[in-house]
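Engineer: Whatever this is, show me its structure:
(chains A and B)
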Amino acid sequence: MLWKEWLVMSSVYTDKVLDYFRNPRNMGKMENPNGVGKVGNAVCGDVMFIYVKIEGNVITDCTFETFGCVAAIATSSALTEMAKGRTLDDALTISNKDVADKLDGLPPLKMHCSLLAEEGLKSAVEDYHKNNSQTK
Amino acid sequence: MIYLDYNATTPIDKLVLEKMTPYLKDFYSNPSSVYRFAQESKRAIENARSYVADLISADPEEVIFTSGGTEADNFAIKGRAFFYQDKGNHIITSKIEHHAVLKSCEFLKKIGFEITYLDVDKYGIIDLNQLEESIRNDTVLVSIMYANNEVGSIQPIKNISKICNKNGIIFHTDAVQALGKIDISVKDLNVDLLSISSHKIYGPKGVGALYVKKGVKLIPLHHGGGQERNMRAGTENVPGIVGFGEACRISKEELKEQEKKIRLLRDKLEEGIKQKIPDIKVNGHHDKRLYNTLNICFKYIEGESILINLDFEGICTSSGSACTSGSLEPSHVLLSMGIPHELSHGSLRFSLGKFNTMRDIDRVLEVLPLIIEKLRKISPFWQKKYG
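Structural biologist: As a prediction, the model looks like this:
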């Protein structure tokens, strides 16, 4: 391992990450969501539930519940903020890197948390489509 | 700040620092030099050696100074393995050892040794029958820690040493966490090798020792000058050794009084948490556990999240969650005790020391329930149960 890589590996959280962790936005279970994304695994230590409310083609509300570390809670909260107000197609373009960037970056070992957030939203939208096709 | 991470390291005792200062400033001579100025450094090392020996009831000549607990563990295990390579290559250790022992064994495995890892029960204690059954003709070393750093479980060291003795096998114990908390007598325990460290007993970092019973042979890890009777080359860390000696002297004096004071605080913390917070699990044995250690799993939430929240309140603790171990696996100690992954992720360790006060405990009992509640409100598992 390179010295530089090693230093980065042992890096700590940015102020943004800690802020989202301490003051999570859009936290909690949603009443009557249109879609729910459940991703992660308790054995691995990270589970996210992402709830979406969709009107027309737009995500009007998005909340989360997370079991996990500081990064897991911060990324899921940041993701909900990013998803709100976007059209479905647009929301699906949110990548894990976008989420990490919004938090001024994540330690390398925690990048999987941002991936989980991305997958959580995709899974919630998928759930919405599934529910929608059933009702039609 | 409220420091509750004494198993990680301890603040230096003021008296220790005072004792060290002249050896950082004035007595800079190399103890191996022959002029009179160097004699003071030499004398100081031997003085410290007798204090270290005294704390564990050893003879001073049985104490070899090292750079710390990790080096002492490496020295005991590799030094023993290399010495006896042609007699046998089987080593027995446990699943809950410190990484200094586990990784030394892993290294030896790579170069042809065979390692047996003993299981532990739900309290983190080994089974003596399994130890006896694991002994083979080619077993050259048994290495079992005295007290565990994460949960504080205390092993039946005297019984282990009896079994090893009966079978003519050298027994090493990593006593880094036990030192200064348990009254250790190597004579009484009849162990062959014992690792200790200075910075866990209010001494400086970067110094420790390996007790090597008279007659026990090791191959040195460091080659170079003839320091430490040719067993550990390298110019001695004189101020460090002096500090370690002083820390041992004070520790012997305060042993009983510290136990009484710290046990009271730990028990108060444990009782308080049990009363105020539902859905928790205290890890380790009720009695066969270090009196300063409290390891708790908080269900439905993750340890690092608790730790960082406590940090915001100025409270220092540690956790056995994957996130804090720098890997994706939670603590090997908790998993070996049969605690499921999801619960292990939610573990938090409080380890107390002599500078803690009842006020510290009260403060933790004030903020911790709020932190746990806040995190559980975010958790999908908690909602499922109570929502």
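
Engineer: show me what contacts B:R249?
Structural biologist: B:R249 sits next to B:Y51, B:D54, B:L55 when contact means CB atoms under 8 Å, 6 or more residues apart in numbering or on different chains. Every C-beta, even on glycine, is put in place using the N, C-alpha and C of the backbone.

Engineer: from memory the first one sits against B:E246, does it?
Structural biologist: Yes - contact between B:Y51 and B:E246 holds when scored by CB atoms under 8 Å: they sit 7.0 Å apart.

Engineer: related to what we said a few turns ago, ranking by neighbours, what's the top pick from the contacts of B:R249?
Structural biologist: B:L55 (24 neighbours; other CB atoms under 10 Å in any protein chain shown).

Engineer: Quick check: the closest residue to that one other than its chain neighbours vs chain A, distance?
Structural biologist: Distance criterion CB to CB, 6 or more residues apart in numbering or on different chains; nearest residue to B:L55, sequence neighbours excluded, is B:C248 at 4.2 Å. As defined by CB to the nearest CB, to the nearest Å, B:C248 lies at a distance of 32 Å from chain A.

Engineer: Ok, B:N295 next?
Structural biologist: B:N295 sits 17 Å away from chain A, going by CB to the nearest CB.

Engineer: What's opposite that residue in the beta bridge?
Structural biologist: B:N283, B:R349 (DSSP bridges).

Engineer: Surely the residue nearest to B:L55 is within a helix?
Structural biologist: Yes - under DSSP: H, G, I helix; E, B strand; the rest coil, B:C248 sits within a helix.

Engineer: got the contact list for it?
Structural biologist: Contacts for B:C248 (CB under 8 Å, 6+ apart) come out as B:A48, B:Y51, B:V52, B:D54, B:L55, B:I201, B:G203.

Engineer: I'd like to know how far it sits from B:M231.
Structural biologist: 20 Å (CB to CB, to the nearest Å).

Engineer: Name the residues of chain A found near chain B, please.
Structural biologist: With the criterion set to CB under 8 Å from any CB of the partner chain, chain A comes near chain B through A:9-10, A:13, A:18, A:21-22, A:24, A:27-29, A:38, A:42-49, A:65-73, A:109-110.

Engineer: Distance from the chain centre to the top helix by length along chain A, please.
Structural biologist: When chain A is parsed with DSSP state H, its longest helix is helix A:111-135. Relative to its chain's centre, helix A:111-135 lies at 10 Å (CA atoms, centre = their mean, to the nearest Å).

Engineer: Go through stretch B:61-81 and flag the buried ones.
Structural biologist: Residues of stretch B:61-81 classed as buried: B:62-81 (neighbour count, 16 or more other CB atoms under 10 Å in any protein chain shown).

Engineer: Extract the CA atoms of stretch B:282-289 and return them as CSV.
Structural biologist: Output of stretch B:282-289 as CSV, limited to C-alpha atoms (Å, rounded to 0.1, in the frame of the first residue of the first chain):
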residue,chain,number,x,y,z
VAL,B,282,-23.8,-7.0,28.7
ASN,B,283,-21.0,-9.0,27.2
GLY,B,284,-18.6,-11.2,29.2
HIS,B,285,-18.8,-13.0,32.5
HIS,B,286,-20.2,-11.3,35.6
ASP,B,287,-17.3,-12.0,37.9
LYS,B,288,-14.5,-13.4,35.7
ARG,B,289,-14.1,-10.1,34.1
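
Engineer: Please work out the average pLDDT along stretch B:73-84.
Structural biologist: Regarding stretch B:73-84, the rounded mean pLDDT is 96.

Engineer: Contacts only, for B:E313.
Structural biologist: The contact partners of B:E313, by CB under 8 Å, 6+ apart, come to B:R363, B:V367, B:I371.

Engineer: May I see the ChimeraX selection of the buried members of those residues?
Structural biologist: Under the burial definition 16+ other CB under 10 Å, those of these that qualify are selected in ChimeraX by:
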select /B:367,371
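
Engineer: I'd assumed B:H345 was in contact with B:S331.
Structural biologist: No - using CB under 8 Å, B:S331 is not in contact with B:H345; the gap is 9.2 Å.

Engineer: And the two? Which one has more around it.
Structural biologist: Comparing B:S331 with B:H345 by other CB under 10 Å, the one with more neighbours is B:H345, at 33 against 25.

Engineer: Which neighbours do B:S331 and B:H345 have in common?
Structural biologist: When contacts are counted by CB under 8 Å, 6+ apart, B:S331 and B:H345 are jointly contacted by B:S321.

Engineer: the strands in chain A, which residues?
Structural biologist: For chain A, applying DSSP state E gives strands covering A:35-41, A:46-55, A:58-67.

Engineer: Make CSV from those and add distance to B:D183 and mean pLDDT to it.
Structural biologist: Output for these, formatted as CSV (distance: least, CB to CB, whole Å; pLDDT from 0 to 100):
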stretch, distance to B:D183, mean pLDDT
strand A:35-41, 46, 96
strand A:46-55, 44, 96
strand A:58-67, 43, 97
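
Engineer: May I see those organised as TSV, with mean neighbour count added?
Structural biologist: What follows is those, written out as TSV (neighbours: other CB atoms under 10 Å in any protein chain shown):
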stretch	mean neighbour count
strand A:35-41	19
strand A:46-55	24
strand A:58-67	23
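
Engineer: Quick check: closest non-adjacent residue to B:S67.
Structural biologist: Closest residue to B:S67 apart from its sequence neighbours, by CB to CB, 6+ apart: B:G206 at 5.8 Å.

Engineer: coming back round to it: how close does the residue nearest to B:L55 sit to A:S133?
Structural biologist: Separation of B:C248 from A:S133 (CB to CB): 74 Å.

Engineer: Let me know the pLDDT of residue 24.
Structural biologist: Picked chain A for this. As predicted, A:P24 sits at a pLDDT of 96.

Engineer: meant chain B, my bad for not saying
Structural biologist: 96.

Engineer: OK, contacts around it?
Structural biologist: Counting by CB under 8 Å, 6+ apart, B:L24 has contacts B:P239.

Engineer: what's the spacing between the helix or strand hosting it and its chain's center?
Structural biologist: Element membership for B:L24, per DSSP states H and E: helix B:14-25. Distance, stretch centre to chain centre, for helix B:14-25: 25 Å (CA atoms, centre = their mean).

Engineer: And stretch B:142-156, by the same measure?
Structural biologist: Relative to the centre of its chain, stretch B:142-156 is centred 8 Å away, using CA atoms, centre = their mean.

Engineer: Tell me the span between the first and last residue of it.
Structural biologist: Stretch B:142-156 has an end-to-end distance of 13 Å (CA to CA, to the nearest Å).

Engineer: likewise stretch B:80-98?
Structural biologist: Terminal residues of stretch B:80-98 lie 18 Å apart, using CA to CA.

Engineer: in that stretch, what counts as buried?
Structural biologist: B:80-81, B:83-84, B:88-98.

Engineer: Closest to B:P220 out of these?
Structural biologist: Distance to B:P220, by CB to CB, is smallest for B:F83 among the buried residues of stretch B:80-98, at 9.9 Å.

Engineer: how close does the closest one sit to chain A?
Structural biologist: Distance, B:F83 to chain A, by CB to the nearest CB: 32 Å.

Engineer: Let's see which of the buried residues of stretch B:61-81 end up in strands.
Structural biologist: Short answer: these in strands (DSSP E) are B:V63, B:I64, B:F65, B:T66.

Engineer: for those, which one is nearest chain A?
Structural biologist: In terms of CB to the nearest CB, no member of those lies closer to chain A than B:T66, at 24.6 Å.
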